[in-house]
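A.B. asks: Dropping the sequence and predicted coords here.
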Amino acid sequence: QGSYAPLFPCLRQYRGFWLPDAVLRNLPTVHASFEKRPADILLASFPKSGTTWLKALAFAAARRSVHSPFDDVHHPLLSRISHDCVRFIDTLRFLEDDDTDTTAAPRLVSTHLPYSLLPRRARAADGAGGCQIVYICRDPKDTLVSLSHFDAGVKWPSQAEGGTAAMEFEEAFKLYCQGQCGLGPQWEHVREYWEASKRSSGSVLFLKYEEMLQDPAGNLRKLAEFMGCPFTPAEEDAGVVRAILELCSLDKQRNLPVNRTGVYKRYTGGTIDNRFFFRKGAVGDWRNHITPEMAARLDGVVEEALKGSGFTFGLVE
Ligand code: A3P
């Protein structure tokens with residue numbers, strides 16, 4: 001892969017997935033480090049599927065006895081982007097971190113790696129006795145549109161060095177349909193976690209972004225229960241669920257100074273302005289960017305690839 005475009009950073013094909021060069025290079029070290037210091041809960045996702053939101057919700061719920069979601073002054077999610085509260089293992093930054101918020105049990109970490117490329121101890125569905133996994137997925141059309149906006153906003157190293165600017169959307173769409181983007185094909189990423197959740201007997205929680213938006217409270221309760229910290233009746237009466245949802249909401253998070261002006265250290269190097277992690281947060285925004293013909297083409301690719309898996313994207317009527 002000689003060409004360099006932000007949406008599709010120097011990719012190498014590895015065991016069925018297109019991995020950014022830096023991710024592939026880091027893989028052996030990530031595995032070795034994780035084996036030494038396994039997490040309790042791993043939040044996994046394909047990029048632009050709701051990772052930032054899931055991290056905020058999981059962190060706020062898991063740490064609520066230490067950090068009250070009613071604390072409108074000191075809560076860590078008011079001064080740190082959720083990616084700095086729950087670290088990616090795909091980098092080694094989770095090892096740099098020894099503050100209790102990121103190391104206290106349940107220790108939360110996250111990943112964009114496909115299930116089959118996770119460290120052995122993270123593969124919860126296969127009896128390795130490691131961590132539990134929460135996976136969030138999103139309709140490919142909205143994921144692609146979200147990716148392309150992210151891409152257009154972020155200044156990638158190649159651009160800073162005078163390299164290729166963001167790719168035309170049509171070209172990105174064509175490559176996406178072929179599965180070519182960082183960590184793609186998206187549907188194979190989803191399929192692996194879906195199948196893991198089916199054989200895992202309760203160690204993989206599978207969430208959909210669309211369902212989370214439709215019923216945030218129900219999905220937050222499900223998440224807390226899965227993480228071993230269900231909301232008590234007293235907490236329900238006190239409005240803890242509502243407080244967490246408000247704290248983690250797109251409007252609240254987007255308008256925090258840290259998310260307007262702060263920067264996030266990318267897991268493959270460089271930095272990203274935090275504001276690029278927050279945009280519309282809608283279902284079906286693809287209709288503003290993808291023609292019905294293109295949508296039918298991508299849906300066809302996905303349907304064919306997922307045939308027999310029992311999985312369908314989006315809300316099931
Ligand atoms: P859009 O670009 O469609 O708006 P990720 O966190 O995996 O990078 O995904 C980013 C997507 O999640 C973006 O979607 C972003 O707007 C949305 N998002 C970020 N924070 C959110 C929140 N608190 N609630 C709902 N959606 C959120």
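C.D. replies: Yep, it's here.

A.B. asks: drop to CA atoms for contacts and neighbour counts, all remaining ones
C.D. replies: Noted.

A.B. asks: what ranges do the strands span in the stretch 101-250 of the chain?
C.D. replies: Secondary structure of the stretch 101-250 of the chain by DSSP state E, counting those that start in this stretch: the strands cover 108-111, 132-137, 204-208.

A.B. asks: what residues are up against residue 79?
C.D. replies: Contacts for residue 79 (Cα atoms under 8 Å, 6 or more residues apart in numbering) come out as 256, 257, 258.

A.B. asks: weakest of the strands of the stretch 101-250 of the chain in terms of mean pLDDT?
C.D. replies: Across the strands of the stretch 101-250 of the chain, strand 108-111 has the smallest mean pLDDT, namely a mean of 92.

A.B. asks: can you list contacts of that strand?
C.D. replies: Contacts of strand 108-111 from elsewhere in the structure, counted by Cα under 8 Å, 6+ apart, are 39-45, 55, 59, 86-90, 94, 102.

A.B. asks: which neighbours does it have in its sheet, and in what orientation?
C.D. replies: Using DSSP bridges, strand 108-111 pairs in its sheet with strand 41-45 (parallel), strand 87-88 (parallel).

A.B. asks: picking that back up, from the contacts of strand 108-111, pick the one nearest the ligand.
C.D. replies: residue 45 (6.9 Å; Cα to the nearest ligand atom).

A.B. asks: Tell me the residues of the stretch 1-150 of the chain that contact the ligand?
C.D. replies: 47, 48, 49, 50, 51, 52, 53, 146 (Cα under 6 Å from any ligand atom).

A.B. asks: Flag whichever of the contacts of strand 108-111 scores worst on pLDDT.
C.D. replies: For the contacts of strand 108-111, the weakest pLDDT value sits at residue 102, with 54.

A.B. asks: low-scoring stretches of the stretch 151-300 of the chain, by residue?
C.D. replies: 155-167, 267-269 (pLDDT under 70).

A.B. asks: What parts of it come near the ligand?
C.D. replies: Looking at the ligand, the residues of the stretch 151-300 of the chain close enough under Cα under 6 Å from any ligand atom are 248, 249, 250, 277, 278, 279, 280, 281, 282.

A.B. asks: 5 Å instead?
C.D. replies: Counting by Cα under 5 Å from any ligand atom, the residues of the stretch 151-300 of the chain lying close to the ligand are 249, 250, 278, 279, 280, 281.

A.B. asks: Closest to the centroid, which residue in this protein?
C.D. replies: Compute the mean C-alpha point of the chain, and by Cα atoms, centre = their mean the closest residue is residue 51, 2.9 Å away.

A.B. asks: returning to that earlier point: let me know which of the strands paired with strand 108-111 is the nearest to residue 312.
C.D. replies: Residue 312 lies closest to strand 41-45 among the strands paired with strand 108-111, at 16.3 Å (Cα to Cα).

A.B. asks: next one: that closest one to chain centre, how far?
C.D. replies: How far strand 41-45 lies from its chain's middle: 8 Å, per Cα atoms, centre = their mean, to the nearest Å.

A.B. asks: Which is the succeeding secondary structure element to it?
C.D. replies: Counting by DSSP states H and E, the next helix or strand C-terminal to strand 41-45 is helix 51-62.

A.B. asks: Redo the residues of the stretch 151-300 of the chain next to the ligand as TSV? Include distance to residue 67 and neighbour count.
C.D. replies: Formatted as TSV, those follow (distance: Cα to Cα, whole Å; neighbours: other Cα atoms under 10 Å):
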residue	distance to residue 67	neighbour count
249	17	16
250	20	17
278	23	19
279	27	13
280	28	10
281	26	19
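
A.B. asks: if I look at the closest residue to residue 194 other than its chain neighbours, how far off is the ligand?
C.D. replies: Ranked by Cα to Cα, 6 or more residues apart in numbering and with sequence neighbours excluded, the top spatial neighbour of residue 194 is residue 206, at 6.9 Å. The gap separating residue 206 from the ligand is 15 Å, by Cα to the nearest ligand atom, to the nearest Å.

A.B. asks: wait, residue 206 sits on residue 190?
C.D. replies: No: counting by Cα atoms under 8 Å, residue 206 does not reach residue 190; the two are 9.6 Å apart.
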